[in-house]
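1. coordinates only, sequence not included:
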C-alpha cells in the first residue's frame, strides 16, 4: 500500500500526468512516457543522444527551473534531462518501466519533481492530525505549492517531453 495520496491523474497531450501528496504535506508531480519515447529508461542525470546538441535551449533559459544543484554542477556540455527540462526545483526523479507501481501502477517511465525544496511549505491542511501536530513545531515557512500549481508544472513538463520529439 502506498504511503501517499494520489491527488490528480490525467492525460495532457497524450502523456499521463499525476500529482501525489506525501504523508508530510509536500506535493510531487510526474509525467510518464511510453517505450516509444527516446527518453524511456533514461535517468534524469543520464545522457541521451536526443538531447545532445540542444545546449542553445539551456543557455537561453533562466536556471530557476533546473534545480540549483543541477545548474551549478552542469559542465556546460553534457545535456541530461535534469539540465534540459525546466520544472519546479528541477527533475528529482526518473523511474518506472514494466510493472512499476510508483508513482502509480503502469509500464511508463516517469519524470518527476517535488515541492520539498527551500522556499516550499508543507500543506498541513491535507495531512493527518498527528503529522500536523509534529510538523507545526518545525514550520520553516515558505509557499505551499497548490494542486493547481503542480498541475500547471506537469502540463509544462509534458509539453517539454513532446518538444524533444520535434
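-> The structure has been received and is ready for your questions. Since we're looking at a predicted model, the values are computed, not measured.
2. gap between residue 15 and residue 52?
-> The gap separating residue 15 from residue 52 is 22 Å, by CB to CB, to the nearest Å. Quick note: C-beta positions are derived from backbone N, CA and C, even for glycine.
3. and for residue 142?
-> Taken as CB to CB, the span from residue 142 to residue 52 is 36 Å.
4. then residue 32?
-> For residue 32, the distance to residue 52 - CB to CB - is 23 Å.
5. okay, these two: which has more neighbours?
-> Higher neighbour count among residue 32 and residue 52: residue 32, with 24 against 11, using other CB atoms under 10 Å.
6. let me see the contact set for that one.
-> 15-18, 96, 106, 108-111 (CB atoms under 8 Å, 6 or more residues apart in numbering).
7. restricted to strands, list those.
-> 15-18, 96, 109-111 (DSSP state E).
8. and which of these is nearest to residue 148?
-> Closest approach between the ones in strands among the contacts of residue 32 and residue 148, by CB to CB: residue 17, at 13.1 Å.
9. OK, contacts around the closest one?
-> Per CB under 8 Å, 6+ apart, neighbours of residue 17: 8-11, 29-32, 151, 154-155, 157-158.
10. can you pull out the strands in the chain?
-> 5-12, 15-21, 27-33, 93-96, 109-114, 120-121, 143-144.
11. can you tell me how far residue 10 is from residue 147?
-> 11 Å.
12. same deal with residue 86?
-> Relative to residue 147, residue 86 is positioned 20 Å away (CB to CB).
13. so for these two, which sits in the more crowded spot?
-> residue 86 (20 against 15).
14. next, give phi and psi for that one.
-> phi -110, psi 100 (degrees, to the nearest 10).
15. which residue is the nearest non-sequential neighbour of residue 12?
-> Among residues not flanking residue 12 along the chain, residue 158 sits closest, at 4.3 Å (CB to CB, 6 or more residues apart in numbering).
16. count residues in the vicinity of that neighbour, would you?
-> 22.
17. okay, the ones in strands among the contacts of residue 32 in JSON lines with distance to residue 82 next?
-> Shown next, in JSON lines, are those (distance: CB to CB, whole Å):
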{"residue": "15", "distance to residue 82": "18"}
{"residue": "16", "distance to residue 82": "21"}
{"residue": "17", "distance to residue 82": "19"}
{"residue": "18", "distance to residue 82": "20"}
{"residue": "96", "distance to residue 82": "16"}
{"residue": "109", "distance to residue 82": "15"}
{"residue": "110", "distance to residue 82": "14"}
{"residue": "111", "distance to residue 82": "9"}
